[in-house]
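S.K.: Dropping the sequence and predicted coords here.
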Amino acid sequence: MQTAYLILNTGDVLEGTFLTEATTTEGEVVFNTSMIGYQEVMTDPSYEGQLVTMTYPLIGNYGCNGDVKESDRFGAKALIVQTVSHYPDHPTSTHTLKQLAEKTKVPIIYGVDTRHLTKIIRTHPNVFGKISTNPDEKVTMTKIDPDVVKKVSVKDVQHNHSYSNRHPHIAVIDFGQKKSIIDALTAAGANVSLCPYHTTKTELDQLGIDGVVLSNGPGDPVDCLSLIPTVRKIADHYPSFGICLGHQLLALSYGMQTKKLVYGHRGGNHAVKSSITGKVYMTSQNHGYVVCEDTVTNEFDILFTNVNDQSIEGLQHKTKPVTSFQFHPEAHPGPTDTMHLIEAFVRDVAKKGAIVYA
Ligand SMILES: NC(=O)CC[C@H](N)C(=O)O
């Protein structure tokens, strides 16, 4: 077992052990407070470019299952954990965390003081780190690749049509989508076409769609500025539903601004409050950026706010069918308490398209 060093741009160096083959990797260091969900984290493209530490101290205890994944190719750049369970116990488990790490090519280091690491991340904005066998190496990375969305998006349109064409047809613009979004839309009765990040309104017209989901994705939303006019054109024409990066891009397209949080919201226990009903929902979250509250235009209502820091969690256009959420209604990992938002969108799209929804 080889010693692993996590070298941070804050000057700290933490020690651990490689669970997987020793390797050097660099990225933004972020923490996730979910007690479960290591499989989803290792395969969620929104983590592209990030080294993720799990604050829950025992990882791997319910094993791994090949069906639990958010993508086949992208996810966290590395996982940093406290204790690894070598004897998982769950009826659906088919392999261990180590085997998953080898399969997904996500290196894992363990034995790290993840509580100390999380405290460092909570007090320093922009923590970048390098995992290496040599503690004297320096961190060179200062920002996630501005072209990261291009890297993770599908190259061609993929159709996931489970129903007859009487059902609503929804395009998911893929900025780094999680498979769970397609699963949730399908479960709600939609035929789904997954489209590359640069898809134009004219191309969507040709597909004959009824509504659009702008997906989650990695990186800084401002790095996608060239896509903003297209996003606006799409949202002005089609019922649109933004999730996480998709929400941020919708907000930018309507003239709002985004900013980076000192430390992100990542986990399955983030409370958001509806400004309509006052109800609080537990949500799954994974973001480092938020829409700036003082830039919300008169055209929009704030639908949800974060209970802990009051940041914006949801926006709704006052006259157009455009809604967006900073959290993940599709869950995975984490609570499904806000799945009804996806179901409501599919229902609305079905009505607007004058299609008999059966
Ligand atoms: N999950 C996401 O879509 C994340 C959005 C964006 N990359 C952020 O960190 O805020």
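M.R.: In hand now; what should we look at?
S.K.: What residues does the closest residue to the ligand within the stretch 1-150 of the chain make contact with?
M.R.: Nearest residue of the stretch 1-150 of the chain to the ligand (CB to the nearest ligand atom) works out as residue 46 at 3.3 Å. The way it works is simple: take the backbone N, C-alpha and C, and place the C-beta from them, glycine included. With contact set as CB atoms under 8 Å, 6 or more residues apart in numbering, residue 46 has these partners: 176, 178, 216-218, 244-245, 286-287.
S.K.: cutoff 10 Å now
M.R.: 70-71, 74-76, 148, 152, 175-178, 215-219, 243-245, 266, 286-288, 328 (CB atoms under 10 Å, 6 or more residues apart in numbering).
S.K.: Show me this structure divided up by domain.
M.R.: With domains defined by automatic domain parsing, the chain comprises 3-132, 148-352.
S.K.: Could you verify my assumption that residue 236 touches residue 299?
M.R.: No - Residue 236 is not in contact with residue 299 according to CB atoms under 10 Å; the separation is 11.1 Å.
S.K.: isn't there a strand covering residue 7?
M.R.: Yes - assessed with DSSP: H, G, I helix; E, B strand; the rest coil, residue 7 lies in a strand.
S.K.: Look at residue 92 and say how many residues are nearby.
M.R.: 11 (other CB atoms under 10 Å).
S.K.: does it sit in a helix or strand, and which one?
M.R.: In the assignment (DSSP states H and E), residue 92 maps to no helix and no strand.
S.K.: List phi and psi for it.
M.R.: phi -100, psi 0 (degrees, to the nearest 10).
S.K.: Residue 100: neighbouring residues, count only.
M.R.: For residue 100, using other CB under 10 Å, the count is 25.
S.K.: Ramachandran angles for the nearest residue to it once chain neighbours are set aside?
M.R.: Using CB to CB, 6 or more residues apart in numbering and skipping residues adjacent in sequence, the residue nearest residue 100 is residue 64, 4.2 Å away. Dihedral pair for residue 64: phi -140, psi 150, per degrees, to the nearest 10.
S.K.: Residue 63 contacts residue 95, correct?
M.R.: Yes - using CB under 10 Å, residue 63 makes contact with residue 95 at a distance of 6.8 Å.
S.K.: picking up where we left off before, what pLDDT does the residue nearest to residue 100 get?
M.R.: pLDDT recorded at residue 64 is 97.
S.K.: Same check on residue 357?
M.R.: Note for residue 357: predicted pLDDT of 33.
S.K.: What are the boundaries of the helices in this structure?
M.R.: Taking DSSP state H, the helices of the chain run over residues 38-43, 97-104, 114-123, 148-152, 179-187, 201-207, 228-237, 245-253, 339-352.
S.K.: Those helices: which one's closest to residue 18?
M.R.: helix 97-104 (9.9 Å; CB to CB).
S.K.: contact partners of that closest one?
M.R.: So helix 97-104 is in contact with 18-21, 38-39, 42-43, 59-66, 68-69, 71-76, 78-79, 81, 84-86, 88, 94-96, 106-108, 110, going by CB under 10 Å, 6+ apart.
S.K.: Could you tell me which residues of this structure lie near the ligand?
M.R.: Contacts of the chain with the ligand, taken as CB under 6 Å from any ligand atom, map to 46, 216-219, 244-245, 286-289.
S.K.: ok, now which ones touch residue 135?
M.R.: Contacts of residue 135 (CB under 10 Å, 6+ apart): 3-7, 13-15.
S.K.: which pair in the residues you listed spans the largest distance?
M.R.: 3 and 7 (12.6 Å).
S.K.: which one of these two has more residues nearby?
M.R.: residue 7 (21 against 14).
S.K.: Pretty sure residue 117 is one of the things that one touches, is it not?
M.R.: No - with contact defined as CB under 10 Å, residue 7 does not count as touching residue 117 (12.0 Å).
S.K.: before we move on, back to that, any common contacting residues for residue 236 and residue 299?
M.R.: With CB under 10 Å, 6+ apart as the test, residue 236 and residue 299 both reach 254, 317, 320, 322.
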